[in-house]
Structure formats: C-alpha cells, structure tokens
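In: Here is a sequence with its predicted model. Questions after.
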Amino acid sequence: MKYDPFVLPFISGMAFVLIVVIGKWTIWFKGLPFSDKKKFLNGLFSRKFIYASREVVSESMLHRKVFRSNFWLGYMHMSLAFGWFLLIVAGNLETRWYSHGTINPPWYPIFFEFFVHDLKELPYRRFFVFAMDFLLLFVLSGLFIAIYKRYRSGFVGMKKTTRQKTIDKLALTSLWMIFPLRLLAESFNAGLYDTGGFLTNTLGHYFARFLPLELLRYPAWLAYSIALGTFFVSMPFTRYMHILTEIFLIFLRRFGIREKQAHSTFTDVELNACSRCGICIDKCQLSSDLEINNIQPAYFLRDLRDRKPDLFKTETCLICGRCNTSCPVGIENTNIRLNERSIHQFFSANAYEYIGKQEVKNGKVAFFAGCMGHLNPLTIKAMLTLFEKAGVEFTFVDENGSICCGRPLKLSGNFMAAGNLVAKNKDLIRESKAEILVTTCPICYKMFRDDYRLDIPVYHHSEYLLKLVEENKLDPGFSPSTVVFHDPCDLGRGSGIYEQPRRLIARSYSLVEADHKKKDSLCCGGSLGITALSGENRKTLTEATIASLTLNHPEIIATACPLCKKTFAGQADVRVADIAELLLEAVDHKPADHKATSVAMHKPADCLEEVEI
Amino acid sequence: MADFGYSLVKSGKTDLDTAGNALARSVSEAEPGFNLCIACGCCVATCSAGRFTNFGFRELIHRIKRGEEKLMIAEAEKCMLCGKCTLVCPRNINTRNIVLLIRKHAIIKGL
C-alpha cells in the first residue's frame, strides 16, 4: 500500500507551488533583455555554473553570510534550511533503499513510516532511523531558536526584527507546525510499531502509556500533511518565496546579470528573493539613530513586490549602502531604490543647455575638484601643491567652478537631467586631452567610474596619491599624530576602495581604527541621497558617526570626501582633514617631524631606565 | 551716451492679477525652512549653476514669495542639486529639498 487520502493536502500544495515557481521562473527569464538571456545561456555551460552551485550550497543552505552577522542567527537559518534539506534527502534514500531502487510516488518518502510498519526489511536500518531522528532534532533546535527570537531577538544579535504581514504570519505558523507535527506523527507510529530511533521511539513509548495511539495516529499524519500543504500554498504569496527565488538569483548574478537603469524582471527576482530577515533594519542609521523604522529594504522591497510603492519609503534613504553590504542575499537595494525614484523625474533632459562651451587647458592629468571640492580650498591647494612637487603635468578642469558631475541629480531619480550634465563634463574632459582623470570627491568618482564610460582611467585622489608615493615621486616623512580614517559611503561601499587611503595615511601617521570601519562604516550625515531630512536629524547622525570615529581618541579625523569633511568640521572636537592635506604636511614637515619622532621614540626608554634605578 | 555705471532698475511691484501663493504655501508646508531665509546671499555666492547663468536660490525664494510662480518653476530647473548652498546656509535651510518640492509641485499641477 503506497497511498492514503491524507496525503492529498501535501501533494496538492506541492503541485501548486511547483507550477507557480516554474511559471514565475519562465516569466522572469523571458522578461530579461536579450543580452542578459545570452549571458545566462553562456553561463550555464561555463565554470560560472560550478561557482553558482557552490554559492547555492553555502548561502541558501548553510547561510554562511548570516553566520557572519551572528552565530545563533546563522544556526537558526542553517538548521531550518540545511536540516530540512538533509531530512528530505535522507528520507528519499531510506525509501529508495527499502524498495530496492524503484521510483516511489513523491509523498512516499515524506510519510514513509505511515505506510511501512516493519522496518526489518530495510538495510542499514539503525543508521537510517538514527539519522532521521537526529536531523529532525537538528531542525527542531532551529525552530526553538526561531520561536525564542520572537520574544528575545537580542539573543540572535538583532535589536529590531521585521514586522510581518498577516499572511506571512500564517505561513510562518504553518512552517512552525510542520516539524512538531512530524515529531508527533512519527512518535505515535513508533509507539505502536517500534519504527523510530532514539527520539521518536522514546517519545512514542512514553505516549503509549497514557494516550490512545491507535486513535491519534491517523489525525497526526493528516495534520502533518495539512501543515505541509498550507505552507506550500502560502509560499508564492509570502516571503517564503525567497527559498525558491534565491537559487535563481544566485545563478543570474553569477552569470553577470545586474540591475540596470530601470526596473526589469531581474528586479522582480531580487524582490522575491528578499526573505525579510531584517538584518538590514539594524544596519540602517535611520533606524538606529532616528527611529525611522518602516523604510528599510525589508519593507521597501515588500511594498514594491506587492506593487504598492510608497513615495515616502522610496525617498527616505541615505543611499549609504550599509544595507547592500549586510544583505545575506546580496540584493542591490540602493540601485532598486534609485530606479524606483527615477519613475518620477522633475527635471527635463535639456535642463542645463544654458551651460555653454567651457575653456579648458590641456594636460596629462585632468584634476576635477567637484562642487563640494570647491568648498574645501585647503584640499584643492594641497592637491595642486602635491601635483607640482611630484612633477605631474596637470590641468585643473574645473578651476573656475564645476559643472556638477550629475550624481546628486541621479540620487534624486532625475536620470535624464543627470545625463545632460554627464555629456557636458565628458566634453570638457575629452577636450583637456588628459590621459587620466583624478578627483578628490568620491561622489564624482563613483559617477565618473560607473556612469560616464570615459575612455581614460579614473582615479580617486587616495589611489593616485598612493601611486605617486609608491613611485617615489613624493617622499612623506613620519609624524607622531594619531589619525582615524572615515570611509566615505561612495568611496568605500560604493566603489570598494578601503585600503588605499589607509595605506597612504599609515606611511606617515599612526593609524587607529573607528568603531565602525570599512564595509561597516557610518554615513557622515551629509548624504546627498536623501533630501527631506532636517538639519537636526542630520546633526544626530553626524554625532553618532563622530562618536564611532573618536573611539580610540585620534588627534585627527581624516577623510577623503569634501562633503564628509565639511559635515564633520562643524561638529567634531578634533581636527578634520582631507588625506591630501595630511600628505602635504607629511611631505613638507619631514625634517621637523623626524625630530619629533625621535624624541617620542626615546622617551619611553628614558623612563624605563629611571624605573630600573 | 556716456556710461555712468547706472542702469534702470526693474519695477518691483507685485501684479496681484497674476500673483499666486499656492506654490509658496505648498512648499513651506512640506519644508518649513522655506520661511527661514534671511536673504543673506551665501547660497548665490557659492552656487555651481550661478557661474554659468543668472541663478540663485535667494532670488528663487524671494520671487516665489512675491507670487511669480510660473517663472520660478522654470527657473528652479537651472539648479543642479549639488548641495553646496545647503552646506553654506547660515539658517540651515534644506535648499535641495525646496528646489525639488518646487519642481514636484510644477509637475503634479501640470505647470
């Protein structure tokens, strides 16, 4: 006997979710632009396929990135995902072994012990029975943490967890019911027929003492089947769609498919792949410092997936990118948000036609200070002096004031108008006949690098100055001052430059680190990504960031962004300086600082001698 | 004619037939900082767009308050949203948001 009507809820739920998932995957794939389809098909037959498969195991099953966030949170996700997967695999192997390799109906492995009471025929019986019980216990331990997390999220390192919708709660309840019901059903069975292992047999025999197991057995298996069926049916409408979408997303991403300048079906894949785990909520400074708790990607993406975009949520974001780097699924949150902003554009494509042709001198290196750069004349002066000292043949492209790079417009969703400025600046750069472009502003740098498609290399000044120093064109001395480096959002998370400025500073100063550094660094509060944020709120953000930076009591806060510098300068108690200024000082004051260093170096030795006497 | 360095000043009168205060009201409601401007001109001095054309945030606010809505809606489009004026403003006015609000008002009202 291999069939009983109680399997119907399970099998109909499974059929439903399979049809929906295959349908969705097909629609998503069909909706991709031709170039992306080509990338996908090429990827299937390349080494990328192996890398993608490996990532599916490490992220969708083992949840390696969640482990990095918190051990117990990772354990919870892993036990539920990997544990359940192993349970299915082991169950299949067990039935296959039992029926000597014949193919069984899909419900057979799930409800095996309902159908087979005498396991003596099963080879390696003790191994299978132990493994199935052990894996069930593994999943149940994860479930226990999940339930505990509802009441004490601090245990898994989360201050705030996602507020779920009713339908998500329903799906969650059915998911939570699956494993305890399986335990009950298998225990009842074990109590009657001795089919269980260390867990189910013990429980079963215990239950047999006071429960009418003959009567309870069937309802327990039916309830287990209903819980499974309910969960499967709810999947496409809830966050649990992520289980079946993340795998597809990993393959798409590994094959080189990314967010474009507008929503596509790739965006749909990303929206469905968000599990609303809530890791982005604590990472968001608007939540941690300003108690704005409804705009984080978990909520923003959910609204977008439900086709109910909310303007407030779309616009309220610093675009600092902390959610991107912390997202265990790797969703391009900020790009999706910018594309959503670009649906409403308030500036026309020819808004800046009033800017006529600009005069520009020729030079090998084009230096672009940017709008914000011009608010920091000290940085500009330092750069120009360093260029001269290094004997660089340069041209100051925006000496008399800049045409904005266009990123502020892009951040506000006005892509068309930004394109207008991009064209103007491109002409200017081309006309300078420069071979490389150097800018002191990470905002401009990101725009030049990602959106300009220039035919010359673009350097941020932290990279370029380091290059000059390493080529011995500049020879900085050593200063005893302690310096902390603040990673600007667009330079660090935005462009992946973390080490160059640190190496540059460490050559001349003693570098100390901040509380939040590199990928985890905080936004200075000056963000151009958000417009409707009051000055008071910005100050609160800045204060928190300065507190993180001054954790190790540095004498100087160094940054490589004119906007960060300007934002900190008004509020910090210690000196705020650009890395170019610090490098120039190290180059200029070489002999003096050598003396200072030697004094500082000798002092501890003298003290030691005194103590010894 | 001899140039004594003087020119005719445009009439400063407000034409009550064409003036409207809907824009000023909607913007100041969403961004109360709109009413904090002391017309010091720091924003104009630092303006990136102001180098290429006759544009300044101070004038924008001033003339919107005087009811020159249509003209100023077109004028606001000259702004590049670079944010320098926000940083130099002694009254801490959220200038970028005001420019965006003016443009949004225009698009929503179909002006």
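Out: That came through fine. Quantities reported herein were computed from a predicted structural model and do not represent experimental measurements. Numbering: from 1, shown residues only, chains lettered A, B, ... in the order given.
In: Quick one: mean pLDDT for the regular element (helix or strand) spanning residue B:28?
Out: Secondary structure assigned from DSSP states H and E places residue B:28 in helix B:22-30. Helix B:22-30 shows a mean pLDDT of 93.
In: what's in contact with that helix?
Out: In this structure, residues lying in contact with helix B:22-30 by Cβ atoms under 8 Å, 6 or more residues apart in numbering or on different chains are A:532, B:34-35, B:64-65, B:67, B:69, B:72-73, B:97-98, B:101-102, B:105, B:109. Any C-beta I mention is one placed from the backbone N, CA and C, and that applies to glycine too.
In: Among those residues, which pair sits farthest apart?
Out: Spatial extent of the contacts of helix B:22-30 (Cβ to Cβ) is set by the pair A:532 and B:67 at 24.9 Å.
In: Comparing those two, which shows the higher neighbour count?
Out: More neighbours surround residue B:67 than the other of residue A:532 and residue B:67, with 19 against 15 (other Cβ atoms under 10 Å in any protein chain shown).
In: so what's that one closest to, chain neighbours aside?
Out: Across the structure, with Cβ to Cβ, 6 or more residues apart in numbering or on different chains as the measure, the residue nearest residue B:67 apart from its sequence neighbours is residue B:19 (2.7 Å).
In: dump the residue contacts of the one you found.
Out: Contacts here follow Cβ under 8 Å, 6+ apart; on that basis residue B:19 touches B:66-69.
In: How about the secondary structure of it?
Out: Look at residue B:19: counting by DSSP: H, G, I helix; E, B strand; the rest coil, its state is coil.
In: quick one: it from chain A, how far?
Out: Separation of residue B:19 from chain A (Cβ to the nearest Cβ, to the nearest Å): 23 Å.
In: What of residue B:51?
Out: Distance from residue B:51 to chain A, counting by Cβ to the nearest Cβ: 4 Å.
In: how much space is there between that residue and residue B:37?
Out: As for residue B:51, its distance to residue B:37 is 21 Å (criterion: Cβ to Cβ, to the nearest Å).
In: my read: residue A:375 touches residue B:85, true?
Out: No. Here residue A:375 does not reach residue B:85: they are 10.3 Å apart, not a contact under Cβ atoms under 8 Å.
In: Quick check: buried residues in the helix holding residue B:28?
Out: For helix B:22-30, a neighbour-count test (16 or more other Cβ atoms under 10 Å in any protein chain shown) marks B:23-24, B:26-28, B:30 as buried.
In: Also stretch B:90-105?
Out: Within stretch B:90-105, the residues that count as buried by 16+ other Cβ under 10 Å are B:93-105.
In: which one of those is nearest residue B:9?
Out: Where these are concerned, and distances follow Cβ to Cβ, residue B:9 has its nearest neighbour in residue B:102, at 25.8 Å.
In: Helix, strand, or coil at that closest one?
Out: Following three-state DSSP, we place residue B:102 in the helix state.
In: ok, now which ones touch it?
Out: Here residue B:102 is in contact with B:23, B:27, B:60, B:64, B:72-73, B:76 (Cβ under 8 Å, 6+ apart).
In: related to what we said a few turns ago, of residue B:51 and residue B:37, who's got more company?
Out: Ranked by neighbour count (other Cβ under 10 Å), residue B:51 and residue B:37 place residue B:37 first, with 19 against 16.
In: and that one, what pLDDT?
Out: 94.
In: Residue A:269 too?
Out: On pLDDT, residue A:269 comes in at 97.
In: thought it was touching residue A:248?
Out: Yes. Using Cβ under 8 Å, residue A:269 and residue A:248 qualify as a contacting pair, with a distance of 6.0 Å.
In: which residues are common contacts for those two?
Out: Counting by Cβ under 8 Å, 6+ apart, the residues touching both residue A:269 and residue A:248 are residue A:28.
In: Looking at the two, which one has more neighbours?
Out: With neighbours defined as other Cβ under 10 Å, residue A:269 and residue A:248 compare such that residue A:269 has more, 24 against 18.
In: In three-state terms, label the more buried one for me.
Out: When the structure is split into helix, strand and coil by three-state DSSP, residue A:269 lands in helix.
In: Get me the contact residues on chain B for chain A.
Out: Near chain A, the residues belonging to chain B are B:30-31, B:33, B:46, B:48-49, B:51-53, B:77-78, B:80-84, B:87-88, B:92, B:94, B:96-97, B:100, B:103-104, B:106-107 when assessed by Cβ under 8 Å from any Cβ of the partner chain.
In: quick one: low-confidence parts of chain B?
Out: For chain B, the stretches with pLDDT under 70 are B:1, B:111.
In: Apologies, that question was intended for chain A.
Out: Residues of chain A that meet the cut-off, pLDDT under 70, sit at A:1, A:590-613.
In: Which residues of it lie near chain B?
Out: Taking Cβ under 8 Å from any Cβ as the measure of proximity, chain A contacts chain B at A:344, A:346-348, A:351-352, A:354-356, A:371-372, A:374-375, A:400-404, A:406, A:408-409, A:412, A:414, A:421, A:526, A:528, A:531-535, A:563, A:566-567.
In: rerun that using 7 Å as the cut-off
Out: For chain A, the residues in contact with chain B (Cβ under 7 Å from any Cβ of the partner chain) are A:346-348, A:351, A:354-355, A:371-372, A:375, A:400-402, A:404, A:408-409, A:412, A:421, A:528, A:531-532, A:534-535, A:566.
In: picking that back up, could the contacts of residue B:102 go into CSV alongside distance to residue A:580 and secondary structure?
Out: Output for the contacts of residue B:102, formatted as CSV (distance: Cβ to Cβ, whole Å; DSSP: H, G, I helix; E, B strand; the rest coil):
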residue, distance to residue A:580, secondary structure
B:23, 43, helix
B:27, 39, helix
B:60, 34, helix
B:64, 40, helix
B:72, 39, helix
B:73, 40, helix
B:76, 34, helix
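In: Closest to residue A:153 out of these?
Out: residue B:27 (41.0 Å).
In: List the contacts of the closest residue to the closest one other than its chain neighbours.
Out: Spatial nearest neighbour of residue B:27, chain neighbours left out: residue B:101 (4.7 Å); criterion: Cβ to Cβ, 6+ apart. Applying Cβ atoms under 7 Å, 6 or more residues apart in numbering or on different chains to residue B:101 gives the contacts B:27, B:30-31.
In: got it, and residue A:113?
Out: A:186, A:189, A:195.
In: Any idea how far the regular element (helix or strand) spanning it is from the middle of the chain?
Out: Secondary structure assigned from DSSP H and E places residue A:113 in helix A:112-115. Helix A:112-115 has its C-alpha centroid displaced from the chain centroid by 43 Å (Cα atoms, centre = their mean, to the nearest Å).
In: show me the contacts for the closest residue to residue A:105 other than its chain neighbours.
Out: The shortest distance from residue A:105 to any residue that is not its chain neighbour, by Cβ to Cβ, 6+ apart, is 6.0 Å, and that residue is residue A:2. When the contact criterion is Cβ under 7 Å, 6+ apart, the partners of residue A:2 are A:104-105, A:108, A:115.
In: Just among those, which is most surrounded?
Out: These, ranked by neighbours (other Cβ under 10 Å): first place residue A:108, 21 neighbours.
In: can you tell me which residues contact that residue?
Out: Taking Cβ under 7 Å, 6+ apart as the contact definition, residue A:108 lies against A:2, A:95, A:115.
In: JSON lines please, covering those and showing distance to residue A:174.
Out: Formatted as JSON lines, the entries for those read as follows, by distance: Cβ to Cβ, whole Å:
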{"residue": "A:2", "distance to residue A:174": "25"}
{"residue": "A:95", "distance to residue A:174": "24"}
{"residue": "A:115", "distance to residue A:174": "24"}
